[in-house]
Structure formats: structure tokens, C-alpha cells
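Colleague: quick one, fold the following:
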Amino acid sequence: MSLALDTSGSATSPQGFAAGATYAGIKTYGDGKLDLAILASDRLCTAAATFTKNRLHSAAIDVNRAHLADGKAQAVVVNSGVANSSTGARGIADARRMADLVARYLGIPPADVLVCSTGVIGHFLPMEKIEPGIDAIGLAPGAGPEFARAIMTTDTRPKHAALRFGPYTLGGCCKGSGMIHPNMATMLAFLTTDAPVEQGFLRRSLGRAVDLSFNLVSVDGDTSPSDTAILLANGAAGGETIGDGSAYAEEFAGALDALCIYLAKEIARDGEGATRVMDVTVRGAASESEARQLARELTTSYLLKSAVYGADPNWGRIVAVVGRSSVAVSEPHLAVTLCGHRVFEDERPTGFDPDRVAAAMRGDTVTIEVDLGVGEGMANGWGCDLTEDYVKINADYHT
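Modeller: Residues are numbered from 1 along each chain as shown. Alright, predicted model coming up:
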């Protein structure tokens, strides 16, 4: 199946979706132009979501789990600048109040509104700014890119795209730049489709797509308390409901995988202070889970990330990660390829040209391939280099 991504598309590309955003004065850092946004369907949607496994999760996670108990939703409201996490009973009340305000604005039940907050932990939501801000938002079918901008924190650019499968459209956006090590998933992602999709199939498809994408991207090894991926299917394009074994089941799942992988790679590309993407492939693992584990360990090794920043072909940092990990490896069959150059095999370095490899590493993407030589397990993961700017951004983040 060939899928062409439209990087100008967004969460409002599918039929029946509209969005809007405003600057309510919540965010005091980064891009201060937009910090409060709504994404809504013109009809009730089948809905699914995945949430962070951080045990000290934000208030929005509790509210959303309750609101999604029936597998339905129609709108999402998002603020950036304040995470509404570790805020106790007041945080829960404020998240519910946000849902109530949007429900009144749209004329729908509060239980059909989902809430997301992202930003600084431990601060209360400024409801005196959010309440008039919601009333100031005007919804439009073409405002998906504005919604994507409003959810940003330290992101340097919005991340959104859409694609077609059969007669249907799938769109989405995400935010994420730092505190990125999904477990699921260190970012916010909002995905929409005008296809009619059965809820169980929707939930399983989202879980699979998240595992292949957002759960295999890492910037710094930290998992946020607010992270959420939401998928809304409103069925506005009509047709037979998509479920296991239906005509468009495979196309829908493939399109969702492709969109989520694209958005995950954009998060890595926009990692705080990043200059290069790390594109890691692990093959020959004893299992897929071990391949995934090693991909995550490689993308979070500070020594390896520093070598990528310096375009240093120090393959020793790669095999050191392999050796310290708990994954099975056959040393005689271990092979490492860096930017297309085989640098290690047969238990010793190859006769590669360090200058050529270093030159290849100065591009915007550094590919790392590791073959463990023990099985058929395989995984792809994405990360970024570690620069001085990462430290500066996070040293100044709260202040």
C-alpha cells in the first residue's frame, strides 16, 4: 500500500472537523501567540486514547479516562503553558471546568469533551484567563495548523499532516520537544478521521500505531505526567463500518501507522536543541521486544548522542550500549553500520574510512543499524543528538 503524506494537512483535513485557537495569556515562555485551542467534530465520534504510564499523572488523565468510558467523544480542549499536574483536587476541578465550558460553548454534553494540558508541572490553571479565552475561540475547518501551534511548548514548529486511504482522510498533529521518552507517550497527539470505525478496532489500531511510533522516539529519557494520544473517528464520509476483516481495515491500520511514525520522527527532529535525527534500526534480536528495548537504549545514551552531535564515528559507544543492555547478542555475529558504512563485524572494527563516515554523519539524519545475530526480532527507533542548547533550554524552562 502506497501512502502519500500531505504535510500541509492537519487534524481538520477529514470531513466534519473544525478547530480554533487563541492566546489567553497562559503561556509565558516560548511562542506566546497561541496557548488555548479546541478541536471539534460536527457529530459524536468513536474515540480511543492512550495515556502516560507516569504514576503521578496530570488531572486531565483522570478526567479523560472517565469521559472515554463509553468509547465516545466529540471535542478536545487543550492549553499549553501549564500542565495541571500535581495540583490535587483543585486540578481535577479545573480540568472538569474546562470540559464544562467547552461543552456549553459547543452545545454538547461535558462527558463528550476531552481535556489536555501541557507545560510546567505544579502550577494551577489560570481559570480566570481560560474561561474568557474559550469564548474567544472561533472554530473553522481550515484551522488545524493553528490548533497545532497552540499546543506547542518548547517546540520550534508545529507538527501536522494528513493522508488519504480509500475514500477516507486521516489527519493529525502532535507536540513534543523535551521530556520525551514515551511509555505511552511523552507528547500530545490528536488524530482524526472521517471514516466510520468500530471502537474496539479503533482502540487496537491506535495501540499498535503508538507502539510502532511514539513509544519508539526519545529525546532525553524523561516521561511526562500529561502525555496523551487521542483518535477520533466521526464517520462523516459514510460507508460500511471499518472493523476486523472489513474492506478498509488494512488500509486504515496502515495509514494510521504511517501518520504516527511521521509525527514521531518530527518530534525527534524537533528535539530540544537538536541538530540531527538519530534513525536507529535493530535487527537479528531474540524478539521484537528486545529489539525495541535496545533501540530505546541507543537513542537515550548520552555518550552516543554526544558523538552524533560531534559527527564522531565512535562505534565503540554503540557496542558499549549493546553490551550493557540485557538483550541477547551473539558476539561473533554482531554487526554495526553507521550512515551506511559497516564499521564493526567479526568481533573487530572494519577498515572503514573515519573521515568518510564523519562526513556522512554531518547530514541532518544519522542512521545506526545493529544486527544482534541471534533471531528475527526487529525494531526502528528515533532520537536526536545532545547539544549545549538542550541544557540551556531546560535550565531556563521554569524561570
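
Colleague: please state the backbone phi and psi of the most far-flung residue of the chain relative to its centre?
Modeller: Within the chain, the residue lying farthest from the chain centre (CA atoms, centre = their mean) is Gly351, at 38.9 Å. With angles defined as degrees, to the nearest 10, Gly351 sits at phi -90, psi 50.

Colleague: same question, Ala99
Modeller: Residue torsions, per degrees, to the nearest 10, at Ala99 are phi -60, psi -40.

Colleague: ok, back up a step: pLDDT at the residue farthest from the centre of the chain, what is it?
Modeller: In this model, Gly351 is scored at 92, pLDDT.

Colleague: what bits of the stretch 101-250 of the chain have low per-residue confidence?
Modeller: Residue ranges of the stretch 101-250 of the chain with pLDDT under 70: 177-186, 219-226.

Colleague: now do the strands in it.
Modeller: Along the stretch 101-250 of the chain, the segments classed as strands by DSSP state E, counting those that start in this stretch run 113-120, 159-165, 168-175, 188-193, 228-233.

Colleague: and the third one, what does it pack onto?
Modeller: Taking 3 or more CB pairs under 8 Å, 6 or more residues apart in numbering; DSSP states H and E as contact, the helices and strands that strand 168-175 lies on are helix 144-150, strand 159-165, strand 188-193, helix 249-269. All C-beta spots, glycine's among them, are computed from the backbone N, C-alpha and C.

Colleague: which ones are touching Arg283?
Modeller: Arg283 is in contact with 291, 369-372, 377-378, counting by CB atoms under 8 Å, 6 or more residues apart in numbering.

Colleague: kindly report the same for Leu44.
Modeller: 72-74, 108, 112, 234.

Colleague: can you pick out the most distant pair from the residues you listed?
Modeller: Taking CB to CB, the two most distant members of the contacts of Leu44 are Ile108 and Asn234; they sit 12.9 Å apart.

Colleague: neighbour count winner among those two?
Modeller: Ranked by neighbour count (other CB atoms under 10 Å), Ile108 and Asn234 place Asn234 first, with 24 against 18.

Colleague: isn't the more buried one right up against Leu191?
Modeller: No: look at Asn234 against Leu191 with CB atoms under 8 Å: they stay out of range, at 12.0 Å.

Colleague: so for Gly138, what's the nearest residue that isn't a sequence neighbour?
Modeller: Nearest non-adjacent residue to Gly138, counting by CB to CB, 6 or more residues apart in numbering: Gly20, 5.0 Å away.

Colleague: nearest residue to Arg292 other than its sequence neighbours?
Modeller: In space, Arg292 is closest to Ala379, 4.4 Å off (CB to CB, 6+ apart).

Colleague: and the one you found, that's in a helix?
Modeller: No: under DSSP: H, G, I helix; E, B strand; the rest coil, Ala379 falls outside any helix and is assigned strand.

Colleague: what about it, how many residues nearby?
Modeller: Quick note: Ala379 (other CB under 10 Å) scores 22 neighbours.

Colleague: what is it paired to in the beta sheet?
Modeller: For Ala379, the beta-bridge partners are Val282 (DSSP bridges).

Colleague: I'd guessed it sits against Thr299; true?
Modeller: No: the pair Ala379 and Thr299 fails to qualify as a contact (CB under 8 Å) at a distance of 11.0 Å.

Colleague: picking up where we left off before, and the contacts of Arg283, which two are the farthest apart?
Modeller: The most distant members of the contacts of Arg283, if one measures by CB to CB, are Glu369 and Gly377, lying 14.0 Å apart.

Colleague: more neighbours: which of these two?
Modeller: Gly377 (21 against 18).

Colleague: got a pLDDT number for the closest residue to the more buried one other than its chain neighbours?
Modeller: Counting by CB to CB, 6+ apart, Gly377 lies nearest to Ala285, which is 3.2 Å off, once chain neighbours are set aside. On the pLDDT scale, Ala285 is placed at 98.

Colleague: what separation do you get for Ala285 and Ser330?
Modeller: The gap separating Ala285 from Ser330 is 11 Å, by CB to CB, to the nearest Å.

Colleague: more neighbours, those two?
Modeller: Counted by other CB under 10 Å, Ala285 and Ser330 do not tie: Ala285 has more neighbours, with 26 against 13.

Colleague: how close does the more buried one sit to Arg157?
Modeller: Taken as CB to CB, the span from Ala285 to Arg157 is 34 Å.

Colleague: also Gly323?
Modeller: To Arg157, Gly323 is 37 Å away according to CB to CB.

Colleague: one more: Cys45?
Modeller: 28 Å.

Colleague: pick out whichever of the two has more residues nearby.
Modeller: Between Cys45 and Arg157, Cys45 has the larger neighbour count (other CB under 10 Å), namely 30 against 13.

Colleague: for the more buried one, helix, strand, or coil?
Modeller: strand.

Colleague: identify the bridge partners of it.
Modeller: Applying DSSP bridges to Cys45 yields these beta-bridge partners: Ala73.

Colleague: would you mind measuring from it to Lys27?
Modeller: 28 Å.

Colleague: try Pro132
Modeller: Distance from Pro132 to Lys27, by CB to CB: 16 Å.

Colleague: with neighbour numbers in mind, choose between those two.
Modeller: Taking neighbours as other CB under 10 Å, Pro132 and Lys27 compare with Lys27 leading, 23 against 13.

Colleague: need the contact list for Gly25.
Modeller: 35, 126, 129, 133.

Colleague: if we can go back for a sec, so which of the contacts of Arg283 are in strands?
Modeller: 369-371, 377-378 (DSSP state E).

Colleague: between the helices and strands packed on strand 168-175, which one is nearest to Ser117?
Modeller: Closest of the helices and strands packed on strand 168-175 to Ser117 is strand 188-193, at 9.1 Å (criterion: CB to CB).

Colleague: between strand 159-165 and the closest one, find me the angle.
Modeller: With axes from the mean of the first three to the mean of the last three CA atoms, to 10 degrees applied, the angle from strand 188-193 to strand 159-165 works out at 20 degrees.
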